[in-house]
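Peer 1: Dropping a prediction and its sequence here:
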Protein chains: 4
Amino acid sequence: MNENPRETRDRDEPAAPRRRTEQVRDAVLGAAGELMLEGGLAAATMEAIAARAGVSKRTLYKYWPSRGAVALEGFMRNAASSWALPDGGSAVEALTVLVASAARLFAGTSAGPLMRSLIADAQSQDEIATAIREQWLRPRRAVAADLIRRGVAEGEFRPDIDVEITLDLLFAPVYYRLLLGHEPMTDAFADAAVAHLVTGLRP
Amino acid sequence: MNENPRETRDRDEPAAPRRRTEQVRDAVLGAAGELMLEGGLAAATMEAIAARAGVSKRTLYKYWPSRGAVALEGFMRNAASSWALPDGGSAVEALTVLVASAARLFAGTSAGPLMRSLIADAQSQDEIATAIREQWLRPRRAVAADLIRRGVAEGEFRPDIDVEITLDLLFAPVYYRLLLGHEPMTDAFADAAVAHLVTGLRP
Amino acid sequence: MNENPRETRDRDEPAAPRRRTEQVRDAVLGAAGELMLEGGLAAATMEAIAARAGVSKRTLYKYWPSRGAVALEGFMRNAASSWALPDGGSAVEALTVLVASAARLFAGTSAGPLMRSLIADAQSQDEIATAIREQWLRPRRAVAADLIRRGVAEGEFRPDIDVEITLDLLFAPVYYRLLLGHEPMTDAFADAAVAHLVTGLRP
Amino acid sequence: MNENPRETRDRDEPAAPRRRTEQVRDAVLGAAGELMLEGGLAAATMEAIAARAGVSKRTLYKYWPSRGAVALEGFMRNAASSWALPDGGSAVEALTVLVASAARLFAGTSAGPLMRSLIADAQSQDEIATAIREQWLRPRRAVAADLIRRGVAEGEFRPDIDVEITLDLLFAPVYYRLLLGHEPMTDAFADAAVAHLVTGLRP
DNA sequence: GTGTAATCGAGACGGTACGTCTCGTCTTCTG
DNA sequence: CAGAAGACGAGACGTACCGTCTCGATTACAC
């Protein structure tokens, strides 16, 4: 009973609601990113986003409960492509790539401002904080934790290291520079940070 | 010159200008801290601070240009007592104390929320960002940098380490946990983090 | 079964539009009346009418351009039955019946609220104002004017009266009480008002 | 002149708060009147009034809970001067002046639109309806009722007339024409209406 | 019956205005 | 005259309803 010309998706398409919805989401997320780049994070008010995206505020609030939620989805969309971790190579190499790709992501056009906005809002809105932890931090930390454990198992790392603390040591510098801005965010910085950490400070 | 620059009026000033200034500052900073502890950072509006402190908004804006400035001074006052770094001992010990005292400060009653508010506001207000860097980060990083350089000179650390990056690696984990909140902020965490960093991950 | 006078299209009409039309109109007008009785005039939004009537807003706007238009038709439907003016009797009697029937109509369940909504909307929408005047006021005033002129011709009324002003004097009290609500709308009021007017105030 | 320039009211002025308050009220009421004259009643939104008056919406809502409240006060201010009823003369003359002055008021620049807006809003907001009745209708009806009773006592009117109904008959035509707009509002109309009513229709 | 063409429900959408909130400036009055 | 009180302009917030629109499901008639 699929002779119906209006509906052709046969086997793998989920449901394809995407009427105008997807266009709206794109316009909103694009507008939010632009505004943050242009006028700082403070310029990305819900009102300005709606105006820039040519979208009504009502529609905005239908999909996202707050500015932070817009930033979260915008960031996620930007970040989606940054999941290239090399399957081959040593644990150290893989971790270096992981941290460097985060640094590169934040240094890129919109993801940096979006994440800064996100973490700023997370300080006063618990839902945002939880969302960042659950949707962004946890999966990446899980991947890195596996790499660390693999490194331990293969003798690449010392067996007595604390995985959680090592994760913090790995990723923290990137967020530290992102949020405090005392030094620029570069790939070289990420590489050197991981190298220092792996080697330690002792002679 | 006057040994006490704050108070010069000797005989004829009608009603003591310096009068309540200090009380006002105390009341405001206390109120700001309380509000942040009670209702989250979002509760500490300038209006609420003024009301709680029994101070007019006019007076508030006379001394502090923004909410971030109040938080900055409040934080500085809380942090003033946390400058106990032991002159004796090895560089590693001193750095451990330094990082652990930062962790303890943030875990204490108001300094944590104040710093979180501060960094959140710094994302959209450059003056706040600059103030944090100049008044808070720089002096502490300078002290730590001296310790690191001393450790290198005395052979405690490898001679080829990058001081700036090492500073980031040292302090970043504390801010990372403060702002992301994925794990609690404890002294043990600070100690372990420095220990891991110093020793490195390799066997 | 095509004796139905509402549907005569013989050869070229495309596809029988009349289908549910009449049911829709009934449902909408009924819903509008109910909503006005229940939640005051403010409750009868186009959205609420559509929801209550189980009709889409699209359909609503197909038949009526505005809330006022719905109210107008609803009122007209309610008012259709109130055109019983006695052919026999004196002019005074006939006018009394005419005014009293208006009062009774407005005192009935939905016609009062509908007319109040209508006149309220007429203050800011000219089409509504015009529609009330043309479709409601004018025919009734024409009938009453005939009665007045007949009364003059037959010596029942003074020959020097101004017909337009007399019409205003006759009908105004009913609308005045309907809209200002300072006193209840009763048949006795209508009767007494006409009686006072006819007799005058002088002894 | 006065040793205290800030305070001159000596014995009978109530309290004179009038800081900037009075300027704000004037600006708002003026803007509301203008907007109603220019763009019809629908143009006088709270937002437009605030913008036109150079007043923030916050201030607007501090003094008036709704658009109707603004209209009420604007109307009252316009109407304040229209209370010239001649103490001398017959009851008929006084009533004629009273009704004619109402007609003249409504025909003047802003009072007409303001009252139309007011009565329109009264249809869906009870507070407005009550306010009109208490603050506008009742006092004027009371004055007119006294005149009617005086006329009865002095033999100018028939002793068996119903005062309430007579009040309705007197004032209703003015509101009827104001709200339905089927004929213009003129002094001559008001005079003729009272004359017809007093004399009656019978020969 | 089956196809064709319309109507209809549902509701997404861009807008406008609502009424509330905080900010940062400014004015008034009191101690 | 410093400071508490708070009025004020500005403008973002989140919500409601408007009137337009697109989508599928339903339905009536033609074939």
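Peer 2: Ah, there it is.
Peer 1: Is any residue of stretch A:175-189 near chain B?
Peer 2: Yes - counting by C-beta under 8 Å from any C-beta of the partner chain, chain B has neighbours in stretch A:175-189: A:Tyr175, A:Tyr176, A:Arg177, A:Leu179, A:Leu180, A:Gly181, A:His182, A:Glu183, A:Phe189. Using the backbone N, CA and C atoms, a C-beta is placed for each residue, glycine as well.
Peer 1: How many neighbouring residues does the first one have?
Peer 2: Spelled out, that is A:Tyr175. Residues within reach of A:Tyr175, counting by other C-beta atoms under 10 Å in any protein chain shown, total 21.
Peer 1: circling back to that earlier point, so which two of the residues of stretch A:175-189 next to chain B are the farthest from each other?
Peer 2: A:Leu179 and A:Phe189 (14.5 Å; C-beta to C-beta).
Peer 1: Which residue would be the closest one in chain A to DNA strand E?
Peer 2: Nearest residue of chain A to DNA strand E: A:Ser56, at 3.0 Å (C-beta to the nearest atom of the strand).
Peer 1: Which of the three states applies to A:Gly88?
Peer 2: With DSSP: H, G, I helix; E, B strand; the rest coil as the basis, A:Gly88 sits in coil.
Peer 1: ditto for A:Pro65
Peer 2: Classification of A:Pro65 using three-state DSSP returns coil.
Peer 1: Got phi/psi on the spatially closest residue to it that is not a sequence neighbour?
Peer 2: Nearest residue to A:Pro65, sequence neighbours excluded (C-beta to C-beta, 6 or more residues apart in numbering or on different chains): A:Glu127, at 7.7 Å. Backbone torsions for A:Glu127, taken as degrees, to the nearest 10, come to phi -60, psi -40.
Peer 1: Need the pLDDT of A:Glu127.
Peer 2: Note on A:Glu127: pLDDT of 88.
Peer 1: Pull the contacting residues for it.
Peer 2: Contact analysis of A:Glu127 by C-beta atoms under 8 Å, 6 or more residues apart in numbering or on different chains lists A:Pro65, A:Ser66, A:Gly68, A:Ala69.
Peer 1: which of those has the most neighbours?
Peer 2: A:Gly68 (22 neighbours).
Peer 1: Report the mean per-residue pLDDT for the helix or strand harbouring A:Ala50.
Peer 2: A:Ala50 is located in helix A:46-53, with elements delineated by DSSP states H and E. Summarised as a single mean, pLDDT over helix A:46-53 is 95.
Peer 1: Quick one: neighbours of the residue lying closest to A:Gly54 once chain neighbours are set aside, just the number.
Peer 2: Closest residue to A:Gly54 apart from its sequence neighbours, by C-beta to C-beta, 6+ apart: A:Ala27 at 6.4 Å. For A:Ala27, the count of nearby residues is 18 (other C-beta under 10 Å).
Peer 1: quick one: low-confidence parts of chain A?
Peer 2: Scanning chain A for pLDDT under 70 picks out A:1-20, A:82-87.
Peer 1: which residues touch the residue in it positioned nearest to chain D?
Peer 2: Nearest residue of chain A to chain D (C-beta to the nearest C-beta) works out as A:Glu47 at 14.1 Å. Applying C-beta under 8 Å, 6+ apart to A:Glu47 gives the contacts A:Lys57.
Peer 1: any idea which helix or strand carries the most centrally placed residue in chain A?
Peer 2: The centre of chain A sits closest to A:Ala79, judged by C-alpha atoms, centre = their mean, with a distance of 4.6 Å. Assigned by DSSP H and E, A:Ala79 belongs to helix A:67-79.
Peer 1: How about the secondary structure of A:Gly30?
Peer 2: Assignment for A:Gly30 (three-state DSSP): helix.
Peer 1: my guess is it meets A:Gly54, correct?
Peer 2: No - using C-beta atoms under 8 Å, A:Gly30 makes no contact with A:Gly54, being 10.8 Å away.
Peer 1: which of these two has more neighbours?
Peer 2: A:Gly30 (16 against 10).
Peer 1: Not counting residues beside it along the chain, what's closest to A:Tyr63?
Peer 2: Here the residue nearest A:Tyr63, using C-beta to C-beta, 6+ apart, is A:Arg25, at 6.8 Å.
Peer 1: Please work out the residue of chain A nearest to chain C and name it.
Peer 2: In chain A, the residue that lies nearest chain C is A:Arg58 (12.8 Å; C-beta to the nearest C-beta).
Peer 1: Need the residues that contact the helix or strand that contains that residue.
Peer 2: Here A:Arg58 sits within helix A:57-63, counting by DSSP H and E. For helix A:57-63, contacts defined as C-beta under 8 Å, 6+ apart pick out A:Val24, A:Arg25, A:Val28, A:Met46, A:Glu47, A:Ile49, A:Ala50, A:Ala53, A:Val70.
Peer 1: Tell me which residues touch the last one, please.
Peer 2: Contacts here follow C-beta under 8 Å, 6+ apart; on that basis A:Val70 touches A:Val28, A:Leu29, A:Ala32, A:Ala44, A:Met46, A:Ile49, A:Leu60, A:Trp64.
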